[in-house]
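Participant: quick one, fold the following:
(2 chains)
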Amino acid sequence: MAELILEPFSAVQRWTLPQAGAPPEAILKDFLEAMARNCQASGECVIGHIKALVLFPDHGYLRVSVVAAHLPATIDGAAPPGCTSLEVTLNVLVYGLERGRIEQITQQTARQVAGKWHLEIS
Amino acid sequence: MHLLLITGFLGSGKTTLILQLAQAVIERGRRVAILVNEIGEIGIDNQLMKQLDMNVWELLNGCICCTLSADLVSTLQTLDADYAPDMVIIEPSGAADPRSILSALPYYKGRPLEAIRTVSVVDPQRLAILIEVLTPLVTSQIQNADLILVSKADLASPDELEFAGQTARSINPQARVIHTGPEAGRDPSVLAEIAPWLS
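Facilitator: Numbers count the residues shown, from 1 in each chain, chains lettered A, B, ... in the order given. Prediction:
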């Protein structure tokens, strides 16, 4: 494999989840795993780290992380019960993909996940 | 002041380890500061550490191993003067080569450093592919370590763990190699290896 570029991509997304829907942890896990698959499918690349962080009051947090398309995402922390509004900070570190392409993949994946879980992502 | 450099590829488990280590130091009545250089526009690790009330400083807009070496030294001196920590934990980006960080440290002119220890965190689930496609970086992270922690013992297969241990030993025969799980930073035996002065 030729020398791979690393062009980090970060974003802040606002998620509005449906009432009585799936928990944020499951949706965020699904989103990151989809990101990893979509990045891998996009071309010759090596996933370094794709991670998301949501902060809550009283030192609360939800951190989800994926390091390969074939490995499940890991979850640390938890969202408060009944939480339907999230500010998700995302860092995508994938060797081999240009930043613009990663941005496209992020937007595409967000649309996929929003459709699947009936949430709004902006 | 003790300096602890935690290196390792992206997603290997550095931040998780650092959070646990920092908490262990605090629980033992010592002062700890964390210096983070995260690659990317937004520092997620930095945000998380601040959320957990850790004393964290962030080096921005560059890579600690190249453009920020001078910033590293000046920040260490400022930390020492303003906060006098017992320990500083440095987390370079997982894309950083530790050699440049280590070569910058002799320029530090604050209180004498009682110890500089480098711990490399190795991800056994991905080492085989990473050592093949990112050879210089991953090799340097393992080579320039006093202690190597093969992380994710709870997730990796026996073959992956065996490969990681053997590879680490072959690259760095002088370093001690330990297999660790998700609670490494809370394990007294691992703490004793990472920071023997804490005991």
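
Participant: for the one residue sitting closest to the centre of chain A, which residues are in contact?
Facilitator: By C-alpha atoms, centre = their mean, the mean C-alpha position of chain A lies nearest to A:L32, the distance being 3.6 Å. Listed by C-beta atoms under 8 Å, 6 or more residues apart in numbering or on different chains, the contact set of A:L32 reads A:I50, A:K51, A:A52, A:V64, A:S65, A:V66, A:A73. (Glycine included, C-beta is placed from N, CA and C.)

Participant: would you mind writing the CA trace of the strand or helix carrying A:A34 as CSV?
Facilitator: When elements are assigned from DSSP states H and E, A:A34 belongs to helix A:24-42. What follows is helix A:24-42 as a C-alpha-only set of coordinates in CSV (Å, rounded to 0.1, in the frame of the first residue of the first chain):
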residue,chain,number,x,y,z
PRO,A,24,-28.9,7.1,22.0
GLU,A,25,-26.1,4.6,22.7
ALA,A,26,-27.4,2.1,20.2
ILE,A,27,-28.0,4.8,17.5
LEU,A,28,-24.6,6.3,18.0
LYS,A,29,-22.9,2.9,17.9
ASP,A,30,-24.8,2.1,14.7
PHE,A,31,-23.7,5.5,13.2
LEU,A,32,-20.0,5.0,13.9
GLU,A,33,-20.1,1.4,12.6
ALA,A,34,-21.7,2.6,9.5
MET,A,35,-19.1,5.3,9.2
ALA,A,36,-16.4,2.7,9.4
ARG,A,37,-18.0,0.5,6.8
ASN,A,38,-18.6,3.4,4.4
CYS,A,39,-15.1,4.7,4.8
GLN,A,40,-13.7,1.2,4.1
ALA,A,41,-15.9,0.8,1.1
SER,A,42,-14.8,4.2,-0.3
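
Participant: show me what the helix or strand following it is packed against.
Facilitator: Downstream of helix A:24-42, the first helix or strand assigned by DSSP H and E is strand A:46-56. If you count contacts as 3 or more C-beta pairs under 8 Å, 6 or more residues apart in numbering or on different chains; DSSP states H and E, strand A:46-56 packs onto helix A:24-42, strand A:60-66, strand A:85-95, helix B:44-51, helix B:127-133.

Participant: mind redoing it with 6 Å?
Facilitator: helix A:24-42, strand A:60-66, strand A:85-95, helix B:44-51 (3 or more C-beta pairs under 6 Å, 6 or more residues apart in numbering or on different chains; DSSP states H and E).

Participant: who does that strand pair up with?
Facilitator: Applying DSSP bridges to the sheet, strand A:46-56 is found paired with strand A:60-66 (antiparallel), strand A:85-95 (antiparallel).

Participant: downstream of the longest one, the next helix or strand is which one?
Facilitator: I take that to be strand A:85-95. helix A:99-117.

Participant: picking that back up, take the strands paired with strand A:46-56 and lay them out in a markdown table including mean neighbour count, distance to B:T16 and mean pLDDT.
Facilitator: Shown next, in a markdown table, are these (neighbours: other C-beta atoms under 10 Å in any protein chain shown; distance: least, C-beta to C-beta, whole Å; pLDDT from 0 to 100):
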| stretch | mean neighbour count | distance to B:T16 | mean pLDDT |
| --- | --- | --- | --- |
| strand A:60-66 | 21 | 9 | 97 |
| strand A:85-95 | 21 | 15 | 96 |
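
Participant: before we move on, back to that, quick one: which of the helices and strands packed on strand A:46-56 is nearest B:E162?
Facilitator: B:E162 sits nearest to strand A:60-66 of all the helices and strands packed on strand A:46-56, at 24.4 Å, using C-beta to C-beta.
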